[in-house]
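*Asks:* Got a predicted structure here, sequence first:
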Amino acid sequence: MMQRIGKSAVLAIALVAAVLVASGAGVAWGMTEFRLSNQMPPSHHMSKGLVLFAGKVKEYSKGAVEVKIFDSAQLFKDTEIVEGLQEGLVEVGLVPVNKWSGMIPAADVFEAPFIFKDLTSIKKFIEAGAGELLDKEFQKRAVKTLFWVDYGYIQFFNNKRPLTKPDDFKGLKMRTFSSGDADTLKALGAAPTVMSSSEMYMALQRGTVDGATTGMPAAVSRKVHEVQKFMTEANYSTAQFVVQANLKWWEKLPQDQREAILKAGKDAEEWIRGAIAQSEDEAKGVIRKAGVQIHELTPEARQLFIKATEPVRASFANKTGELAKKLIELALGLK
């Protein structure tokens, strides 16, 4: 009889453990394990930053918390991750901020043209209150921000002529990555076409479009520099990412584990920013070596672009309400 009871107990414990492991969010024997959905390949600098995050979580929690990273959209694509987090189908995920724009239109502030100057501007913007304002909106929709992930700046590429002033865009067919970015190109006089990054190279090679908007590291990884003659380094907008958690799951964690995760997030955030700067410099060197003519905007020329795209910023603020106005004022007030 005692032997049968012992076997039953062991079986019950094994079943509970199996359920916890399957859920990816188990808290068993004092240890928490959670999954982190990442759509980037392991070689991407953001993915490497997530690996650092996982290591720091384990270190700061003294082994009580472990992160399992699923790269290359094994769990969720970038178009699915917001819903996955809201529904609690995964505990933590890397989210492109623009995927929130349907529910929180002000989240598209990072794509508003010419409101940030350089790579330090994003950190200043988030720490000046933008991060807190946006996180309040995310939490209303069942998701908690753990840390921000910089991507770098978006530049102008084309195959026709140097783009040194707004008038140079007239008549160009340009690939763009979002509706907000398309508005910027329209304001400059180009004809935009929203297209995924996977389709970009072929469209440029065949001449379906004359140019494209993308970041320099992405341009190198997609081999855009092989089929384009000119690049304007304008730093006119950025594609921001954020690592977020399902709010209900987050609130059930012990306070010391939450603190360890947030501390690790700060370390990862800073590491990724440094990696971005290095990645941008290296990509620029590859693009230049490939024979692409690079034009850097002078402060005077930048003012012409700012003036030409003012209607885009004004329309964005009017359509998205007080939060967007606060965020734009905050960004423009940075030094």
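*Replies:* Looks like it arrived, so ask away. Everything numeric in this text was worked out from a predicted model, so none of it was measured.

*Asks:* What is the burial count for the spatially closest residue to residue 75 that is not a sequence neighbour?
*Replies:* Distance criterion Cβ to Cβ, 6 or more residues apart in numbering; nearest residue to residue 75, sequence neighbours excluded, is residue 37 at 4.1 Å. Heads up, the C-betas are built off the backbone N, CA and C, glycines and all. For residue 37, the number of neighbouring residues by other Cβ atoms under 10 Å comes to 26.

*Asks:* Let the chain start at 670 from now.
*Replies:* Fine by me, first position is 670 from now on; the one you just mentioned is residue 706.

*Asks:* show me the contacts for residue 706.
*Replies:* For residue 706, the contact set (Cβ atoms under 8 Å, 6 or more residues apart in numbering) comprises 739, 742, 743, 744, 745, 750, 753, 759, 761, 762, 763.

*Asks:* Local confidence estimate at the residue lying closest to the second one once chain neighbours are set aside?
*Replies:* It stands for residue 742. Closest residue to residue 742 apart from its sequence neighbours, by Cβ to Cβ, 6+ apart: residue 708 at 4.3 Å. Listed pLDDT for residue 708 reads 91.

*Asks:* from memory residue 708 sits against residue 745, does it?
*Replies:* Yes - counting by Cβ atoms under 8 Å, residue 708 does reach residue 745; the two are 7.2 Å apart.

*Asks:* and residue 768, which of the three is it?
*Replies:* Under the three-state scheme (DSSP: H, G, I helix; E, B strand; the rest coil), residue 768 adopts helix.

*Asks:* Looking at the longest strand seen in the chain now, give me its mean pLDDT.
*Replies:* In the chain, with assignment by DSSP state E, the single longest strand is strand 899-907. The average pLDDT within strand 899-907 is 95.

*Asks:* What helices and strands are in contact with whatever helix or strand comes next after that strand?
*Replies:* Of the helices and strands lying after strand 899-907 in sequence (DSSP states H and E), the nearest is strand 910-915. Judged by 3 or more Cβ pairs under 8 Å, 6 or more residues apart in numbering; DSSP states H and E, the packing partners of strand 910-915 are helix 714-729, helix 750-755, strand 761-765, strand 812-818.

*Asks:* where does the protein have low pLDDT?
*Replies:* By pLDDT under 70, the weakly predicted segments of the chain are 670-699.

*Asks:* at 80 what do you get?
*Replies:* Low-confidence segments of the chain, defined by pLDDT under 80: 670-699, 788, 867, 1004.
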